[in-house]
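Undergrad: fold the following for me, if possible:
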Amino acid sequence: MARKAIIDKCRKAQEKAERAFKDGRKIKFATKLYNRCSICGRSRWYVGKFGMCRICIRERANAWELMWVRKSSW
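TA: Below is the predicted model:
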């Protein structure tokens, strides 16, 4: 699980960038912004459609918590 400090830092930077975008200003250091999983805070293998990492998607899909997602087998 990601450290709380990193998650908070990322969240604050995202909010700051959203405020700058609303005001019509250019975002400073836009490459530093990155997405994190909404459940565990993992930054790698983030899937934007679900807002989660691949591990959390797989756990939710196997537990039938995600609609229209099913583990394939043949």
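Undergrad: can I assume Arg19 sits in a strand?
TA: No: secondary structure of Arg19 (DSSP: H, G, I helix; E, B strand; the rest coil): helix, not part of a strand.
Undergrad: grab the nearest non-local neighbour of Arg42.
TA: If the residues on either side of it in the chain are set aside, Arg42 comes closest to Cys53, at 4.2 Å by Cβ to Cβ, 6 or more residues apart in numbering. C-betas here are computed from N, CA, C, even on glycine.
Undergrad: what's the answer for Gln14, then?
TA: Leu33 (6.2 Å).
Undergrad: neighbours of that neighbour, how many?
TA: Counted with other Cβ atoms under 10 Å, the neighbours of Leu33 add up to 13.
Undergrad: renumber starting at 239 from here on
TA: Will do, 239 is the new start, and the previous item becomes Leu271.
Undergrad: that one contacts Lys250, doesn't it?
TA: No: look at Leu271 against Lys250 with Cβ atoms under 8 Å: they stay out of range, at 10.9 Å.
Undergrad: burial measure for the closest residue to Phe288 other than its chain neighbours, as a count.
TA: Closest residue in space to Phe288, ignoring its immediate chain neighbours: Ile295 at 5.6 Å, by Cβ to Cβ, 6+ apart. By other Cβ under 10 Å, 20 other residues sit near Ile295.
Undergrad: from what I see, Ile295 and Ala301 are in contact.
TA: No: the criterion here is Cβ under 8 Å, and Ile295 misses it with Ala301 at 11.0 Å.
Undergrad: quick one: low-confidence residue ranges for the chain.
TA: The chain contains residues with pLDDT under 70 at 239-240.
Undergrad: which stretches in it count as helices?
TA: Along the chain, the segments classed as helices by DSSP state H run 242-261, 292-300.
Undergrad: Trp312: what's it in contact with?
TA: By Cβ atoms under 8 Å, 6 or more residues apart in numbering, Trp312 lies in contact with nothing.
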